[in-house]
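J.: whatever this is, show me its structure:
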Amino acid sequence: MGELEEDRIYAETLGKTDVYVAAQLGVVEVSVSNDRIGQFTLSHRCTARDIAAYGTDLLVATDEDVLSVGLTGDEPTVESLGFGPAVAVGGEDAPLAAAPDGTVARASDTDWTELGTVSEPRAIDGTLVATPDGVFRAEERLEHVGLDDVRDVVGGPIPYAGTADGLYRLGPGWTRELDADTSVVAAEDSRAHAVTGDGLFETAGEGWHERELPTDDPIVDIGYIADGGTVAVTETGRFFVDPAAAKDGAGGWRSRALGLDATAGFAIPTL
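T.: Below is the predicted model:
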């Protein structure tokens with residue numbers, strides 16, 4: 001049986017999740033089914049600096065513009081949103097984008113509304129923006145909500161921020177969860193992951209513990225697929241999956257090299 005046929009059988013019997021990776025080459029679709037990393041194809045060629053899921057679509061920050069990529073048809077549809085060059089994208093009720101000069105704006109049906117300027121936008125998730133000056137919330141304007149030297153941020157019901165001096169969780173105020181330089185954060189429901197200078201850590205809501213990852217390359221993103229598994233990607237384009245319950249019964253990470261350079265992260269839209 002060929003590899004393509006095996007991928008098809010896995011997808012039909014176990015279901016699959018399509019993960020969209022942003023890299024210097026463009027946006028690459030990676031098919032993941034349980035413990036198997038299947039086919040990967042180039043969906044759109046561009047220099048992708050950041051990527052975010054926006055409902056069933058993707059938002060992609062590129063050197064030329066913010067792109068909206070629709071995924072519900074037979075082929076992806078790509079629309080330029082008229083923002084200009086961008087380094088970070090995200091948003092909840094409307095797309096948010098940050099320009100290389102630090103301008104943060106929200107999209108409407110006809111235009112972009114500037115909300116303010118930050119010194120160096122590093123990440124956007126929901127309405128939160130990570131910067132060297134701390135976390136900012138993008139509402140009617142940018143509002144500083146604390147911390148310093150923030151590398152990554154997670155919005156949602158339980159916000160997290162990775163900073164140079166630790167991982168923080170937002171409740172009534174910011175509470176430090178881990179005492180280590182934190183570059184990447186991911187969270188969904190009660191579980192969360194953090195990439196720190198001391199290694200990869202995870203929690204299911206009952207304390208943090210270290211989790212071995214079989215690579216020394218920098219992890220640039222971590223997230224969660226529909227069947228409960230965890231996925232991660234390195235800057236050098238190696239993709240990992242940690243299945244919730246592997247079909248072969250063996251635990252641990254599986255990996256596959258995607259052959260990408262300057263990988264920025266990935267997005268998993270709701271399809």
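J.: what about the protein, any weak spots by pLDDT?
T.: 1-14, 246-251 (pLDDT under 70).
J.: the closest residue to residue 127 other than its chain neighbours: neighbour count?
T.: Nearest residue to residue 127, sequence neighbours excluded (C-beta to C-beta, 6 or more residues apart in numbering): residue 138, at 4.8 Å. For glycine as for every other residue, the C-beta is placed from the backbone atoms N, C-alpha and C. By the other C-beta atoms under 10 Å criterion, the neighbourhood of residue 138 contains 25 residues.
J.: residue 113 is in contact with residue 138, correct?
T.: No - if you go by C-beta atoms under 8 Å, residue 138 and residue 113 don't touch, sitting 10.3 Å apart.
J.: touching both of these two, which residues are there?
T.: Common contacts of residue 138 and residue 113, defined by C-beta atoms under 8 Å, 6 or more residues apart in numbering, comprise residue 106.
J.: so how far is residue 87 from the residue nearest to residue 127?
T.: To residue 87, residue 138 is 15 Å away according to C-beta to C-beta, to the nearest Å.
J.: sketch out the helices for the protein, chain order is fine.
T.: Taking DSSP state H, the helices of the chain run over residues 3-14.
J.: now the longest strand anywhere in it: buried residues?
T.: As assigned by DSSP state E, the longest strand anywhere in the chain is strand 36-45. Neighbour-count burial for strand 36-45 flags 36-38, 40, 43-44 (criterion: 16 or more other C-beta atoms under 10 Å).
J.: adjacent strands (with direction) for that strand?
T.: strand 26-33 (antiparallel) (DSSP bridges).
J.: quick one: the partner strand to chain centroid distance?
T.: 13 Å (C-alpha atoms, centre = their mean, to the nearest Å).
J.: could you do stretch 41-48 as well?
T.: Here the centre of stretch 41-48 is set off from its chain's centre by 16 Å, with C-alpha atoms, centre = their mean.
J.: quick revisit: and which of the buried residues of strand 36-45 is nearest to residue 148?
T.: Taking C-beta to C-beta as the measure, residue 148 lies nearest residue 44 of the buried residues of strand 36-45, at 36.0 Å.
J.: bridging residues for the nearest residue to that closest one once chain neighbours are set aside?
T.: Nearest non-adjacent residue to residue 44, counting by C-beta to C-beta, 6+ apart: residue 27, 4.7 Å away. Applying DSSP bridges to residue 27 gives these bridge partners: residue 22, residue 44.
J.: hang on, residue 27 packs against residue 47?
T.: No - contact criterion C-beta under 8 Å: residue 27 and residue 47 do not qualify, at 10.5 Å.
J.: which one's more surrounded, these two?
T.: Using other C-beta under 10 Å, the more surrounded residue of residue 27 and residue 47 is residue 27, with 25 against 17.
J.: next, the contact list for that one, please.
T.: 20-21, 42-44, 46, 48, 51, 58, 60, 69.
J.: where's it relative to residue 224, distance?
T.: 20 Å.
J.: how far out from the middle of the chain is stretch 126-146?
T.: 18 Å.
J.: next, the distance between the ends of that stretch.
T.: 17 Å (C-alpha to C-alpha, to the nearest Å).
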